[in-house]
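S.K.: Sequence below, structure please.
(chains A and B)
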Amino acid sequence: MKSNLKVFLKGILDVSPLMIPVVPFGLIFGVLAIDVGFSPLETMGMSLIVFGGASQIVLLQLFSGGASSLVIISSVGAVNSRHLLYGAVVSEHLSDLRLIWKIIISYFLIDQAYAISNEYLKKNKDQNRYFHLVGAGATCWVIWQSTTFLGIILGAAIPEKLGLSFAVPLTFLALLVNDFRKFINVIVIIVSGLVATYGYNYIPFKAYAIVAGLTGLIAAMILTKMVKTNE
Amino acid sequence: MSNWALIIYCGLITYLTRFSMIALIKKEMFNDRIREVLSYVPSAIFPAIIFPAIFLDNSGSILIEDNSKIMAALIATLIGIVSRSIIATIFSGLASYWFLIFVV
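M.R.: Residues are numbered from 1 along each chain as shown, chains lettered A, B, ... in the order given. Predicted coordinates for the structure are as follows:
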């Protein structure tokens, strides 16, 4: 069995390539948070407390659009529902752990750490294999906090004319790169996008993100069912 | 609600989605069907952020003509499909947007 430290370091090494896109994402978040009116301390607090890129950007987007707190919180919940899947997949490898480790690991269970550590957990059966996930998660943590901090500092120096807020839809677009080639995903993307765009002004409480997300999921349910019946 | 309260609640809900599955729910509670549908969550929810940010102007009206964001997003999507690279998608979109608003 490898030592805990070795497994931890392996986690850092494996997740490193995935950190390249996190750098601009973190910078953009820091810049935008200041731009929509959060203080530097609140912005840093958001990255420390929430520690989730998509959640934090959704928070900013809806906050700047004047959505109520309840809508913002439920939209963040909707965005995070994908974590239910990660947790359910990873949990089989972590079921023997003490509660305290489960509490710690949950904080680090973000997209990139999940993606890379799930591969490792599947292949290794050592008792201390979860240190891989801790290493990967801690790496993401350091990158996310430091780029947020840089974004806060740079924010004041970046002219508004650059239209950096356009980086938000681009970042989310980029997170879908692997889905553009799949037929059902493309339909789901278009359905959700159209509902959000046309419902933006008509769906009350700025709940358009939730309504569009649910409509997209219902479309996915119907389409996957149809594909199955045809097989 | 104060900004801090908002941040803490958003942090709590984010943490709980991660924690609940690890600590409370056993894998067997999720059948393949639920898993399959959950895998579409990003495709279902991210466009709700993407589309309005591209197609709506500051006042919330739909803006199709003379909207550089649409062209830039299309270029980014194409680059994304070809490269499958997150970073290439973001930068090609930003670069074409700047080219369209500053040069053209």
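S.K.: what sits against residue B:96?
M.R.: B:71, B:72, B:75, B:76 (Cβ atoms under 8 Å, 6 or more residues apart in numbering or on different chains). To be clear about C-beta, it is placed using only N, CA and C from the backbone, and glycine gets the same treatment.
S.K.: Quick check, central residue of the chain?
M.R.: In the absence of a named chain, this looks at chain A. residue A:54 (3.9 Å; Cα atoms, centre = their mean).
S.K.: ah, no, chain B please
M.R.: residue B:46 (3.4 Å).
S.K.: which stretches of the chain have low pLDDT?
M.R.: Using chain A here. A:85, A:88 (pLDDT under 70).
S.K.: wait, I meant chain B there
M.R.: Looking at chain B by pLDDT under 70, you get B:24-30.
S.K.: ok, which stretches of the chain are helices?
M.R.: This is for chain A. Using DSSP state H, the helices found in chain A span residues A:4-15, A:22-35, A:40-49, A:53-64, A:69-94, A:99-108, A:111-123, A:131-155, A:167-175, A:183-199, A:208-230.
S.K.: ah, I was thinking of chain B
M.R.: Going by DSSP H, chain B shows helices at B:3-23, B:32-38, B:41-45, B:47-55, B:68-83, B:86-98.
S.K.: Adding distance to residue A:188, write those out as TSV.
M.R.: Putting the helices of chain B into TSV (distance: least, Cβ to Cβ, whole Å) gives the following:
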stretch	distance to residue A:188
helix B:3-23	20
helix B:32-38	10
helix B:41-45	4
helix B:47-55	8
helix B:68-83	15
helix B:86-98	19
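S.K.: Show me how the chain divides into domains.
M.R.: Looking at chain A here, since you left the chain open. As assigned by automatic domain parsing, chain A contains the domains A:4-175, A:177-231.
S.K.: that's the wrong chain, I meant chain B
M.R.: B:1-39, B:41-104.
S.K.: any idea which of these is most buried?
M.R.: By mean neighbour count, with neighbours taken as mean count of other Cβ atoms under 10 Å in any protein chain shown, domain B:41-104 ranks first of the domains of chain B at a mean of 18.
S.K.: list the contacts for the residue nearest to the residue nearest to the centre of chain B when sequence neighbours are not counted?
M.R.: Leaving aside its chain neighbours, residue B:46 sits nearest to residue A:172 (4.4 Å; criterion: Cβ to Cβ, 6 or more residues apart in numbering or on different chains). Residues near residue A:172 by Cβ under 8 Å, 6+ apart: A:54, A:57, B:46, B:47, B:49, B:50.
S.K.: cool, and residue A:107?
M.R.: So residue A:107 contacts A:51, A:137, B:15, B:18 (Cβ under 8 Å, 6+ apart).
S.K.: what do you get if the cut-off is 7 Å, keeping everything else the same?
M.R.: By Cβ atoms under 7 Å, 6 or more residues apart in numbering or on different chains, the contact list for residue A:107 reads A:51, B:15.
S.K.: before we move on, what about residue A:35?
M.R.: Residues in contact with residue A:35 (Cβ under 7 Å, 6+ apart) are residue A:155.
S.K.: One more: residue A:16?
M.R.: With contacts defined as Cβ under 7 Å, 6+ apart, residue A:16 is in contact with residue A:139.
S.K.: any idea how far it lies from chain B?
M.R.: 14 Å (Cβ to the nearest Cβ, to the nearest Å).
S.K.: now swap in residue A:216 and tell me
M.R.: According to Cβ to the nearest Cβ, residue A:216 stands 3 Å off from chain B.
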